[in-house]
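Novice: Compute the structure for the input listed below.
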Amino acid sequence: MKKIILLFALVFGFNIASAQVDVIKKQIGETLRGRIISVDDNVIVFTYEGQDVPYTIAKNAVEKITYGRTGQVVQTSNKITVNGQADWAKVVILENVDNTKGLEVGPRIGESADLSNYQSENSAVARRLKTEAARLGYQFVLITTDASSNKIAYGYKY
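Specialist: Sure thing, here's the model as predicted:
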């Protein structure tokens with residue numbers, strides 16, 4: 001009888017402990033289990049279950065967070081579906097590398113010469129970048145600078 005009670009207590013205690021684990025569901029369906037440390041406008045900082053090392057993932061890569069302690073579900077971003085060049089307007093231009101953490105980097109789609117006239121997401125240069133990214137199946141374009149301060153653009157996807 002004592003063994004049954006002990007087994008019940010262990011199973012019940014394990015269920016309570018695992019229920020307090022936060023769950024991050026990525027846009028690709030993968031789930032990450034751990035503890036949310038912080039959430040800001042662009043990124044989520046968390047630790048994996050059983051670890052103390054903080055990891056960062058962009059909200060762009062995350063569909064939702066389920067907080068283990070409260071059960072609260074928070075939608076973090078809507079999935080962007082790009083099925084070809086016709087979906088170019090859905091492509092999002094990013095200018096902060098933090099917004100790409102957890103996304104898959106693709107090819108370079110713009111060089112310094114192409115980007116010299118880039119002013120905003122509504123420019124002709126932005127449309128060319130978005131069109132190329134959509135053609136290749138990428139939902140995001142990161143515009144950044146290389147070591148020589150030249151602007152470059154890369155495609156990113158889930």
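
Novice: got the contact list for the closest residue to Asp146 other than its chain neighbours?
Specialist: Once flanking residues are discounted, Asp146 sits nearest to Ile152: 5.5 Å by C-beta to C-beta, 6 or more residues apart in numbering. (Glycine included, C-beta is placed from N, CA and C.) Residues in contact with Ile152 (C-beta atoms under 8 Å, 6 or more residues apart in numbering) are Arg108, Gly110, Glu111, Ser112, Leu115, Ile143, Thr144, Thr145, Asp146.

Novice: Among the residues you listed, which one has the most neighbours?
Specialist: Neighbour counts for these (other C-beta atoms under 10 Å) peak at Gly110, which has 22 neighbours.

Novice: May I see the contacts of Ile152 organised as a markdown table, with secondary structure and distance to Lys101 added?
Specialist: Formatted as a markdown table, the contacts of Ile152 follow (DSSP: H, G, I helix; E, B strand; the rest coil; distance: C-beta to C-beta, whole Å):
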| residue | secondary structure | distance to Lys101 |
| --- | --- | --- |
| Arg108 | strand | 19 |
| Gly110 | strand | 21 |
| Glu111 | coil | 24 |
| Ser112 | helix | 24 |
| Leu115 | helix | 22 |
| Ile143 | strand | 16 |
| Thr144 | strand | 13 |
| Thr145 | strand | 18 |
| Asp146 | coil | 19 |
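
Novice: just the strands in the chain please.
Specialist: 22-26, 31-39, 43-48, 54-58, 62-66, 73-75, 92-94, 104-110, 140-145, 151-157 (DSSP state E).

Novice: got the contact list for Val91?
Specialist: Ile80, Val82, Leu129, Lys130, Ala133, Ala134, Tyr138, Gln139, Phe140, Val141.

Novice: ok, the residues you listed vs Asp98, which is closest?
Specialist: Using C-beta to C-beta, Phe140 is the member of the contacts of Val91 that lies nearest Asp98, at 12.6 Å.

Novice: which residues are in contact with stretch 29-40?
Specialist: Residues contacting stretch 29-40 (C-beta under 8 Å, 6+ apart): 21-26, 44-49, 51, 54, 57, 59, 65, 67, 76.
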